[in-house]
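Peer 1: one predicted model, sequence on top.
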Amino acid sequence: MGGVTKLALTLNVAKSQPSRWRTGEDVPSPEVAARMLDLEHVLALAMQAWEPEVANDWLQAPNGFLGGAVPLDVLRVRGSAEVIDALKATISGSYA
């Protein structure tokens, strides 16, 4: 997904946080943990449909179902619901 820096940006946390979680120095807050679960859900759906590179491209490209917004940006700002709907629509072959 782009490493810890991209993950930190997506989750709206300091760049050092993902590394601190990995080493056990810190744990995510409940709010961040919820955002992590949303991200994991979106990633799992995308990976069921596409190879990792395609899923990653879809998450980082402007999307017609999201009014031209980038799915990761929408996920970060508004949560997963709209991104999941756009993902399902794309997978089903619908057109925006």
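Peer 2: Received the coordinates, thanks.
Peer 1: pLDDT score assigned to the residue nearest the centre of the chain?
Peer 2: Centre of the chain computed as the mean C-alpha position; nearest residue by C-alpha atoms, centre = their mean is residue 39, 4.1 Å away. Note on residue 39: pLDDT of 91.
Peer 1: residue 61 is in contact with residue 70, isn't it?
Peer 2: Yes - under the contact definition of C-beta atoms under 8 Å, residue 61 touches residue 70, with a separation of 6.6 Å. Where C-beta positions appear, they are placed from N, C-alpha and C, glycine not excepted.
Peer 1: between those two, tell me which one has more neighbours.
Peer 2: In this comparison of residue 61 against residue 70, neighbours counted by other C-beta atoms under 10 Å, the higher total goes to residue 70 at 16 against 10.
Peer 1: what is the burial count for residue 83?
Peer 2: 28.
Peer 1: for residue 71, see how far away it is.
Peer 2: Between residue 83 and residue 71 the distance is 5 Å, computed by C-beta to C-beta, to the nearest Å.
Peer 1: residue 60: what's it in contact with?
Peer 2: Counting by C-beta atoms under 8 Å, 6 or more residues apart in numbering, residue 60 makes contact with 70-72.
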